[in-house]
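Enquirer: 3D model of this:
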Amino acid sequence: MTDQRATNITWHQHHVTREDREKLLGQKGVTVWLTGLSGSGKSTIAVAAEEVLVSRGRLACVLDGDNVRHGLNKNLGFSPEDRTENIRRIGEVAKLFAECGVIVFTSFISPYRADRDLVRGIHPEGRFVEAYVSASVDTCESRDVKGLYKKARAGEIPEFTGISAPYEAPSRPELVLDTNRQSVEESVGQLVAFLEEKGYLSS
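Expert: Below is the predicted model of the structure:
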């Protein structure tokens, strides 16, 4: 699905640059890609971090896996091929937001390392942060907020990551949030502190 099929198209250059937008916002656009098993805490951390940054006068937004599948990616399932296309599409969307100076939190299981590396590759150097929300299957299953693990164990959900489909943990993430031990508040604090330390919260 990544082949270039459109013909007779030309890239149109803008007069307003990324730097112009970042100066206006007083921050640097970046995609923070939260990856981890279902139930690891990705969405919870993303939403809480967004709230913290907005309360500090920073422009941030969350692109959530389930939410995106209600609209943009509603025609995709959970086969390996569809998962790859799901991640490719949202990677392109996140890149557009980040180019506008927005701090983008994406919350996607994104189980395949190659897919996450592809998204990293479409971002400029230093504008993609892979944040591994680390939690064991046992921890996630004990939470089972959506009841998905129970259904997966009963064979009602095929290709469920961590049970009947693989998850490839990041080999060199910029950030690891260990939700086996950390509270949501601690994880959010670690994430926001990282963004501050790396200079994303100033232009």
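Enquirer: drop to CA atoms for contacts and neighbour counts, all remaining ones
Expert: Fine.
Enquirer: what ranges does this protein have for its strands?
Expert: With DSSP state E, the ranges of strands along the chain come out as 30-35, 60-64, 103-107, 128-134, 175-178.
Enquirer: the last one pairs with which strands?
Expert: In this case it means strand 175-178. With DSSP bridges as the test, strand 175-178 is paired with strand 128-134 (parallel).
Enquirer: next, the angle from the partner strand to strand 30-35.
Expert: Interaxial angle, strand 128-134 versus strand 30-35 (axes from the mean of the first three to the mean of the last three C-alpha atoms, to 10 degrees): 30 degrees.
Enquirer: hang on, the earlier thing: in TSV: the strands of the chain, plus mean neighbour count.
Expert: Listed next are the strands of the chain as TSV, based on neighbours: other C-alpha atoms under 10 Å:
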stretch	mean neighbour count
strand 30-35	27
strand 60-64	20
strand 103-107	26
strand 128-134	23
strand 175-178	20
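Enquirer: can you tell which of those is closest to residue 44?
Expert: Taking C-alpha to C-alpha, strand 103-107 is the member of the strands of the chain nearest to residue 44, at 9.0 Å.
Enquirer: just list what that closest one packs against, helices and strands only.
Expert: strand 30-35, helix 42-55, strand 60-64, helix 80-99 (3 or more C-alpha pairs under 8 Å, 6 or more residues apart in numbering; DSSP states H and E).
Enquirer: export that strand to CSV, keeping only CA atoms.
Expert: C-alpha atoms of strand 103-107 as CSV (Å, rounded to 0.1, in the frame of the first residue of the first chain):
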residue,chain,number,x,y,z
ILE,A,103,3.9,18.0,20.4
VAL,A,104,2.1,14.8,19.2
PHE,A,105,1.6,11.8,21.5
THR,A,106,0.6,8.7,19.6
SER,A,107,-0.8,5.7,21.5
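Enquirer: so which residues make contact with it?
Expert: By C-alpha atoms under 8 Å, 6 or more residues apart in numbering, the list of residues contacting strand 103-107 from outside reads 28-35, 42-43, 46, 50, 59-65, 94, 97-98.
Enquirer: and if we set it to 7 Å?
Expert: Residues outside strand 103-107 that contact it (C-alpha atoms under 7 Å, 6 or more residues apart in numbering): 29-35, 42-43, 46, 59-65, 94, 97-98.
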